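Engineer: Provided below are the primary sequence and the corresponding predicted coordinates.
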Amino acid sequence: MATQFEPLKNDRLLRAARGEKVDRPPAWVMRQAGRYLPEYHKAKGDHDFFDCCRSPEIASTLTLQPIERYHGLIDAAIIFSDILVIPQAMGMEVIMVDKKGPHFPDPLQSPEDKQYKEVMERPVDVKKSLDYVYKAITLTRHKLKGRVPLIGFCGAPWTLLCYMVEGGGTKLFVQSKTWVYKYAEESKEILFKIAQICVDHLAQQVVAGAQMIQVFDSWAGELSPSTFKEFSLPFLKYIADTLPIKLQELKQEVVPMTVFAKGAWYALEDLCDLKYNVISLDWLHDPAEAFKVAQRKGKVLQGNADPGVLYGGREAITKVVEEMVAGFQGGKQGWIANLGHAGITPFVDPDDLRHFFQEIDRLSSKYGRASTIDGGESASFVTGKDKVQEKDEEPEAIGDPFSEQQV
Ligand SMILES: Cc1c2[nH]c(c1CCC(=O)O)Cc1[nH]c(c(CCC(=O)O)c1C)Cc1[nH]c(c(CCC(=O)O)c1C)Cc1[nH]c(c(C)c1CCC(=O)O)C2
């Protein structure tokens, strides 16, 4: 397949991720493709979830659905895939049970277990085993025709280990905690192996056409501050340190990187010290407080509306967006608007999500335009629909925390 793609028409996301000024904050939501969309059910039909991931045609169709539905309001596509393709590539069986979620029939029991030894020893060639993800990315880039950038992703080593030892979702984390406290060294060995595979998988996604990447550490919040430092952070660091080197070796552009460590509110400073460009926040953070930290550290933030607000109706959505936009100082720099967690449930009305996007656009425009504040410096990068500032709103000054640093 040709790897020549149409030029990007809307680069808000990539500009914001690099700490540059934008006409309005870019917006997208984690798990924007999925069961809340009637068109998702139509396209998925009776296909098994992982069969959809393995079909570049279906995966690209599902990826594009929110882009088509929310055209003009949404600034990124994220490839339809799953974090659990890595355990599959490591030779573990994972099935998606309808209405229940992922299930591993044969999870890792202990380091004495035959399965653990096999997983540790088995060579993993993502180019072979996850080739379908890369094909889906290339096809999706072609179908996107430069409308918005395409994000690739993987699960973080800690979150993937949880799934591999629990055998699926859990509330108690009995097995994960057993591994951390009883088998600390073996846990670190497998976490390192997973981290290396994450780097390979992310690099191949970029080769295939991903323009930005995100690492999902959905279970970070199950660790304590000290166990997070030991069992998650070093592996997130390894990915952020190694991926750019790998991409250079592969003669690829070094794309912006995002980390989402859900629940690890105590680690914001530590996460800002890693080489990720963007730190994605859950809704436990106060936007204004987190923004102060990120500005000091020269990092961009993503998030962080409580996804539960999508059940609360339009007024509630407006209120949450208002708070978020104010906290991120209007979002012309240093902020990517999103929800605070990945997962829009089937009960969300797609028109309420539209309202969420519209309110980000409307309310952020009240903060004036980057070009007005900065003497037109940013006028040339307006790539999407040009927003007209509301006449009687005074633009509020925002600082320029990014002037002295590179993100
Ligand atoms: C933990 C995790 C998984 N997968 C993912 C995570 C990290 C984010 C998070 O914390 O939720 C990441 C993921 N999963 C999916 C995407 C695709 C792109 C997108 O964001 O639109 C992404 C980025 C599709 C999906 N992955 C899944 C669906 C639902 C599939 C269906 O039933 O049709 C989708 C659209 C299934 C899935 N996959 C996983 C779970 C726990 C589930 C079941 C969820 C549920 O039942 O609500 C593992």
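Structural biologist: Yes, it's here. For clarity, every value in this text was computed on a predicted model and none was experimentally measured.
Engineer: How about the residue in the stretch 51-200 of the chain that the ligand sits nearest to: which residues does it bridge to?
Structural biologist: Across the stretch 51-200 of the chain, the shortest distance to the ligand (C-beta to the nearest ligand atom) belongs to residue 101, at 3.7 Å. For every residue, glycine as well, the C-beta is placed using N, CA and C. For residue 101, the beta-bridge partners are residue 97 (DSSP bridges).
Engineer: same deal with residue 150?
Structural biologist: residue 77.
Engineer: doesn't residue 208 make contact with it?
Structural biologist: No. With contact defined as C-beta atoms under 8 Å, residue 150 does not count as touching residue 208 (9.4 Å).
Engineer: When these two are compared, which one has more neighbours?
Structural biologist: Using other C-beta atoms under 10 Å as the criterion, residue 150 and residue 208 rank with residue 150 on top: 27 against 22.
Engineer: give the contact list for that one.
Structural biologist: 63, 76-79, 137, 140-141, 144, 209-212 (C-beta atoms under 8 Å, 6 or more residues apart in numbering).
Engineer: Can you add pLDDT and give the residues you listed back as a markdown table?
Structural biologist: Shown next, in a markdown table, are the contacts of residue 150 (pLDDT from 0 to 100):
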| residue | pLDDT |
| --- | --- |
| 63 | 98 |
| 76 | 98 |
| 77 | 98 |
| 78 | 98 |
| 79 | 98 |
| 137 | 98 |
| 140 | 98 |
| 141 | 98 |
| 144 | 98 |
| 209 | 98 |
| 210 | 98 |
| 211 | 98 |
| 212 | 98 |
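Engineer: Mark which of those are part of strands, please.
Structural biologist: 77, 78, 212 (DSSP state E).
Engineer: can you tell me how far the last one sits from the ligand?
Structural biologist: Spelled out, that is residue 212. For residue 212, the distance to the ligand equals 13 Å [C-beta to the nearest ligand atom, to the nearest Å].
Engineer: quick one: average pLDDT of the longest helix along the chain?
Structural biologist: The single longest helix within the chain, with elements called by DSSP state H, is helix 184-208. The average of the pLDDT scores along helix 184-208 is 98.
Engineer: how about the residues of the stretch 301-407 of the chain that lie near the ligand?
Structural biologist: 342, 343 (C-beta under 6 Å from any ligand atom).
Engineer: can you count the residues close to the closest residue to the ligand within the stretch 301-407 of the chain?
Structural biologist: At 3.4 Å from the ligand, residue 342 is the closest residue in the stretch 301-407 of the chain, using C-beta to the nearest ligand atom. Around residue 342 there are 22 other residues, counting by other C-beta under 10 Å.
Engineer: Model confidence at it, what's the number?
Structural biologist: Looking at residue 342, the pLDDT reads 77.
Engineer: Now do the same contact list for it.
Structural biologist: 30, 31, 216, 218, 260.
Engineer: Settle this for me: the second one is touching residue 343, isn't it.
Structural biologist: The one in question is residue 31. Yes. Residue 31 is in contact with residue 343 according to C-beta under 8 Å; the separation is 5.2 Å.
Engineer: which one of the two has more residues nearby?
Structural biologist: Neighbour tally, residue 31 and residue 343, criterion other C-beta under 10 Å: the higher count belongs to residue 31, 17 against 13.
Engineer: The residue lying closest to that one once chain neighbours are set aside and residue 237, how far apart?
Structural biologist: In space, and not counting its chain neighbours, residue 31 is closest to residue 342: 4.5 Å by C-beta to C-beta, 6 or more residues apart in numbering. Distance of residue 342 to residue 237, given as C-beta to C-beta, to the nearest Å: 22 Å.
Engineer: Equivalent analysis for residue 56, please.
Structural biologist: 32 Å.
Engineer: just to revisit the earlier point, report how many residues lie close to the residue of the stretch 51-200 of the chain closest to the ligand.
Structural biologist: Counted with other C-beta under 10 Å, residue 101 comes out at 11.
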